[in-house]
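Visitor: no FASTA, just this:
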């Protein structure tokens, strides 16, 4: 039987991801993901069926690797002029728990400087 993840563990994971992205350590970011994980950035605030609607990002492992390759190459104009970012993540609230997984809601403030 696997151990349940705590709210604190989940919050620390999200803080770690924010730090990795602010440092542009994209290879480290890839290491956070399970092979079957999906990176989803929905357009709609109350989205539930992400596969059935338009999203800013809906990346499986292959698409995440392609995203990192684009961000780390000098071929992408958006990567060459990438903004410096600082993410602040707070107000973690557990919204669901199933098996050994946890779903939570949080607030994020993203400041960027070009």
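Guide: Yep, it's here. For clarity, every value in this text was computed on a predicted model and none was experimentally measured. Residues are numbered from 1 along each chain as shown.

Visitor: Can you check the pLDDT for residue 82?
Guide: pLDDT recorded at residue 82 is 70.

Visitor: any idea how far it is from residue 57?
Guide: Plainly put, residue 82 is 16 Å away from residue 57 if you go by CB to CB, to the nearest Å. Where C-beta positions appear, they are placed from N, C-alpha and C, glycine not excepted.

Visitor: Before we go further, residue 89 is sitting in a helix, right?
Guide: No: checked against DSSP: H, G, I helix; E, B strand; the rest coil, residue 89 lies outside a helix; its state is strand.

Visitor: who's in contact with stretch 46-66?
Guide: With CB atoms under 8 Å, 6 or more residues apart in numbering as the test, stretch 46-66 has contacts from 30, 33, 35-44, 67.

Visitor: Run a quick neighbour tally on residue 60.
Guide: Neighbour count for residue 60, taken as other CB atoms under 10 Å: 13.

Visitor: pLDDT weak spots in the chain?
Guide: 1-2, 76-81 (pLDDT under 70).

Visitor: remind me, longest helix of it?
Guide: Longest helix in the chain, counting residues (DSSP state H): helix 7-22.

Visitor: List the buried residues in that helix.
Guide: Within helix 7-22, the residues that qualify as buried are 10, 11, 14, 15, 17, 18, 20, 22, counting by 16 or more other CB atoms under 10 Å.

Visitor: Over to stretch 23-33?
Guide: 26, 29, 33.

Visitor: quick one: which of these is nearest to residue 87?
Guide: residue 29 (12.4 Å; CB to CB).

Visitor: Now do the phi/psi pair for residue 109.
Guide: Residue 109 adopts backbone torsions of phi -110, psi 130, taken as degrees, to the nearest 10.
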